[in-house]
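In: need a structure here:
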Amino acid sequence: MVKNNNFNSVILDIGARYGIHPSFKNFGGENIILLVEADKIEADRLRKRYKNFENVKVYAQAIGKICGNKNLRILKNPAMSGFFKRKKNSPLFWGQRKYQEKLITKNKVKFETLKNFLKKINYKIDFLKMDTEGGELDILKHPGNLFSSLLALRSEVSFLSNFYSSKLKDKNLIGGTFGKMNEILNKRGFKLLNVLCFLYVFSSNHKAMSLALLENKKAIILIILTGFFSFENFMGFFIHVASVHCNIPHFSFVDIYLEK
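Out: Presented below is the predicted three-dimensional model:
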């Protein structure tokens, strides 16, 4: 039998590097926070950090569409580590910071489906946060009883093909993850609440121009999209702005909130 949580809110954070997400740090109610981190070294660090927190549990593993083991790619910038190779789409990592994408090592990590994981932990989830560098759609492949209790979800998404897997040829990675994520959650009765993002506009045909724009901060746009705007309106607005400054709009990652 699944625990009824005893009136606690249960937060599941998949991809919990650096600990409890700022979205939940100031949460005033009684809560249980479940942190899932694929990098064992980081998971061990989190266990030490939260050892005196009875409401925080840390799981050193990954969640995806299969059960088994996969190689986690640890990069120079640990926050960019993941199971897929990265495409060099972002101008942020073309220059001085390109070393951050350097592969340091590969570690074999235990994988299981979300369905299996939820059976194991025996909790009903109220809030879900995902940040797994391209693996978010895989997590939702086998959701188990997730949607029977889920109130809201926050996830990293992309609007470009930022990752690739030569072995898997994963179609989920083509064209970014937002469209499919939005489709899945709409079918479950969830609606887009916010898009919080930095959008970097640059010309893919002229890197020098792109970097100059970014250096002068003329091409950095911060847009907060609330539920009052449709995604189509947002795209129309952005493409209009982009066409004034450059040839092609490129997107970095975007956090989205979806709520019933």
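
In: where does the stretch 51-200 of the chain have low pLDDT?
Out: Within the stretch 51-200 of the chain, the segments meeting pLDDT under 70 span 89-94, 96, 165-175, 196-200.

In: mind listing the strands for it?
Out: 56-60, 62-64, 68-75, 85-86, 103-113, 127-130, 152-157, 163-164, 191-200 (DSSP state E, counting those that start in this stretch).

In: Spell out the residue ranges of the helices in this protein.
Out: For the chain, the helices defined by DSSP state H cover 22-25, 40-49, 114-121, 136-139, 178-187, 207-215, 231-245.

In: Show me what the fourth one is packed up against.
Out: Under the contact definition 3 or more CB pairs under 8 Å, 6 or more residues apart in numbering; DSSP states H and E, helix 136-139 sits against strand 62-64, strand 152-157, helix 178-187. In this view, the C-beta of every residue, glycine as well, is placed from N, C-alpha and C.

In: circling back: show me the one of the strands of the stretch 51-200 of the chain that comes nearest Ile20.
Out: strand 56-60 (7.3 Å; CB to CB).

In: Run me through the strand neighbours of the closest one, direction for each.
Out: Partners of strand 56-60 in the sheet, by DSSP bridges, are strand 31-37 (parallel).

In: got the angle between the strand it pairs with and helix 40-49?
Out: Here strand 31-37 points in a direction 150 degrees away from that of helix 40-49 (axes from the mean of the first three to the mean of the last three CA atoms, to 10 degrees).

In: which outside residues touch strand 31-37?
Out: 5, 8-17, 19-20, 24, 43, 46, 50, 55-63, 117, 121, 123 (CB atoms under 8 Å, 6 or more residues apart in numbering).

In: And for stretch 98-112?
Out: 38-40, 61-64, 66-77, 80, 86, 88, 93, 120.

In: which among these end up buried?
Out: Neighbour counting with 16 or more other CB atoms under 10 Å marks 38-39, 62-64, 70, 72-75, 86, 93 as buried within the contacts of stretch 98-112.

In: Phe127 reaches Leu151, doesn't it?
Out: Yes - the criterion here is CB atoms under 8 Å, and Phe127 meets it with Leu151 at 6.2 Å.

In: still on that earlier bit, okay, the helices and strands packed on helix 136-139, which one's buried deepest?
Out: Most buried of the helices and strands packed on helix 136-139, by mean neighbour count (mean count of other CB atoms under 10 Å): strand 62-64, with a mean of 25.

In: Parallel or antiparallel, which strands does that strand pair with?
Out: Using DSSP bridges, the strands paired with strand 62-64 are strand 103-113 (parallel).

In: Kindly export the strand it pairs with (C-alpha atoms) in CSV.
Out: Once non-C-alpha atoms are left out, strand 103-113 reads as follows in CSV (Å, rounded to 0.1, in the frame of the first residue of the first chain):
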residue,chain,number,x,y,z
LEU,A,103,34.7,14.8,-20.7
ILE,A,104,36.5,13.9,-17.5
THR,A,105,35.3,10.3,-16.9
LYS,A,106,32.5,7.9,-17.3
ASN,A,107,30.8,6.1,-14.4
LYS,A,108,28.4,3.2,-14.6
VAL,A,109,25.1,4.1,-12.9
LYS,A,110,22.1,2.0,-11.9
PHE,A,111,19.0,2.9,-13.9
GLU,A,112,15.3,2.1,-13.2
THR,A,113,12.0,3.3,-14.4
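
In: returning to that earlier point: of Phe127 and Leu151, who's got more company?
Out: For Phe127 versus Leu151, neighbours defined as other CB atoms under 10 Å are more numerous around Phe127 (22 against 12).
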